[in-house]
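In: Sequence and predicted structure below; questions after.
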Amino acid sequence: MGVNIRDLITVAKEVELESLCRRSIAIDAMNALYQFLAIIRQRDGTPLIDRRGNITSHLSGLFYRTVNLVEVGIKPVYVFDGPPVPLKQKTIEERERLREEAYRRWKLALQRGDLKEARKYAQAALHLTPEMIDEAKKLLTYMGIPYVDAKHDGEAQAAYMAAKGDVWATASQDYDSLLFGSPRLVRNLTISGRRKLPGRDEYIKIMPEIIELDKVLSSLGIDRRKLIMIGLLVGTDFNEGVKGIGPKTALGIVKKVDDIDDLFKYTRFKESPEIIKEVFKLFESPDVNKEYKLEWKRPNREKIIEFLCDEHDFSRERVEKAISRMEKAYDKFFAVKGLDAWLFG
DNA sequence: CTGTAGTA
DNA sequence: TACTACAGG
């Protein structure tokens, strides 16, 4: 999932969530929803479901996370993937294969009565359905939070918006948006500062971290074109990468080359040079949706309650409380100030 | 993941 | 007030 260049990022800066006040941030929606779906579960591993059996983990995560961001004054924009570019087909097929395998192993573990194994595979077996995505968009609309449909890759769209200055940063757990040219990436955009270490009863403190593209590049002594080449070498969602080459080796290689054609003299990709050049182009100047408008509105209390509580069995008390927090934050941070707004708004 | 009740 | 344990849908 995503380009693995974590080992090269030494300039991540931990910040308090509050320091992002009044900043607009483009959030990779699929990335977020998928994580909610995987993590928000009961002790036996089943996700949250409403009375008709629909999964609601993604809605719970999206709702409460967004309320928390708005409460500290952050202006979120959710960016959804569009149809994948043909080059991504292999990755999608591979994910589908892994999912089906996880599904089989889940059933087998259930037969054995191995709940721990079952839980592990249940997480890997699930996927975001078109219905879940529609519901997420519906909820955001009722909450007054803007979303953008990407032409293809959400990360590419978010990076474009950040590079253009329409949002202050992109947010994702993956590093792809840096390759796409986002000047600023926020990771761990979450409220709960604590995370349980797997297996043990230990907790570590998690804080949001900001990674600035120009600092990454200057710390490595390369430009963005070479960062993309590193991605090509270690592997992306669009190509496999060269076996045996990790981020460190890749850095050494790209420092010796002048351009993408030069790269083929040093190493052999599994894909043809033509394909690799296409993938390079895809990162350098991706096809994006330029027709979007970002507008934060006051949440629609009635619609949210009708949707979450009436349709999906959320607790009315909790939801009402969250909406009130959001309204307060909206008036404090987002509402248009000034005499006109006071008179006519 | 996040909210909330319970405990010190 | 801070921290833990558990439920949420």
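Out: Ah, there it is. Residues are numbered from 1 along each chain as shown, chains lettered A, B, ... in the order given.

In: Contact partners for the spatially closest residue to A:Tyr64 that is not a sequence neighbour?
Out: Spatial nearest neighbour of A:Tyr64, chain neighbours left out: A:Ala322 (6.5 Å); criterion: C-beta to C-beta, 6 or more residues apart in numbering. C-beta: built from backbone N, CA, C; applies to glycine. Under the criterion of C-beta atoms under 8 Å, 6 or more residues apart in numbering, the neighbours of A:Ala322 are A:Phe63, A:Tyr64, A:Val67.

In: quick one: which helix or strand includes the second one?
Out: The one in question is A:Tyr64. Per DSSP states H and E, A:Tyr64 falls inside helix A:57-71.

In: Against which helices or strands is the helix or strand following that helix packed?
Out: Going down the chain from helix A:57-71, the next helix or strand is strand A:75-80, by DSSP H and E. Here strand A:75-80 touches strand A:24-28, helix A:29-39, helix A:57-71, helix A:130-143, strand A:147-149, helix A:154-164, going by 3 or more C-beta pairs under 8 Å, 6 or more residues apart in numbering; DSSP states H and E.

In: and the residue of the stretch 201-345 of chain A nearest DNA strand B?
Out: A:Arg318 (4.1 Å; C-beta to the nearest atom of the strand).

In: Now the strand or helix carrying that residue: average pLDDT?
Out: Element membership for A:Arg318 (DSSP H and E) is helix A:316-329. In this model, helix A:316-329 has an average pLDDT of 98.

In: touching DNA strand C at all, that helix?
Out: Yes. If you take C-beta under 7 Å from any atom of the strand as the test, helix A:316-329 does meet DNA strand C, through A:Arg318, A:Val319.

In: tilt between that helix and helix A:130-143?
Out: Here helix A:316-329 runs at an angle of 50 degrees relative to helix A:130-143 (axes from the mean of the first three to the mean of the last three C-alpha atoms, to 10 degrees).

In: what about the closest residue to A:Leu140 other than its chain neighbours, distance to A:Ser19?
Out: Excluding the flanking residues, the one nearest A:Leu140 by C-beta to C-beta, 6+ apart is A:Tyr147, at 5.1 Å. As judged by C-beta to C-beta, to the nearest Å, A:Tyr147 and A:Ser19 stand 24 Å apart.

In: Point out where the stretch 201-345 of chain A drops to low pLDDT.
Out: Low-confidence segments of the stretch 201-345 of chain A, defined by pLDDT under 70, span residues A:201-204, A:338-345.

In: give me that answer again for 80
Out: Applying pLDDT under 80 to the stretch 201-345 of chain A flags the ranges A:201-205, A:336-345.

In: Mind listing what's buried along the helix holding A:Arg318?
Out: When burial is assessed from 16 or more other C-beta atoms under 10 Å, helix A:316-329 yields the following buried residues: A:Val319, A:Ala322, A:Ile323, A:Met326, A:Glu327, A:Ala329.

In: Show me which of these is closest to A:Leu8.
Out: A:Ala329 (36.6 Å; C-beta to C-beta).

In: Name the residue in A:Tyr147 and A:Ser19 with the higher neighbour count.
Out: Using other C-beta atoms under 10 Å as the criterion, A:Tyr147 and A:Ser19 rank with A:Tyr147 on top: 19 against 10.

In: How is chain A partitioned into domains?
Out: A:1-220, A:221-285 (automatic domain parsing).

In: how long is the shortest one from one end to the other?
Out: Domain A:221-285 stretches 22 Å from its first residue to its last (C-alpha to C-alpha, to the nearest Å).

In: And for stretch A:215-229?
Out: 18 Å.

In: what do you get for stretch A:79-91?
Out: Terminal residues of stretch A:79-91 lie 20 Å apart, using C-alpha to C-alpha.

In: Could you give me the buried positions within that stretch?
Out: For stretch A:79-91, the neighbour count (16+ other C-beta under 10 Å) marks A:Val79, A:Phe80, A:Asp81, A:Gly82, A:Val85, A:Leu87, A:Lys88, A:Thr91 as buried.

In: pLDDT (mean, whole number) over it?
Out: The model assigns stretch A:79-91 a mean pLDDT of 94.

In: again, but for stretch A:107-121
Out: Stretch A:107-121 comes out at a mean pLDDT of 83.

In: buried sites along it?
Out: A:Ala109, A:Ala118, A:Arg119, A:Lys120, A:Tyr121.

In: try stretch A:33-51
Out: Buried-residue list, stretch A:33-51, by 16+ other C-beta under 10 Å: A:Leu33, A:Tyr34, A:Gln35, A:Phe36, A:Leu37, A:Ala38, A:Ile40, A:Arg41, A:Gly45, A:Pro47, A:Leu48.
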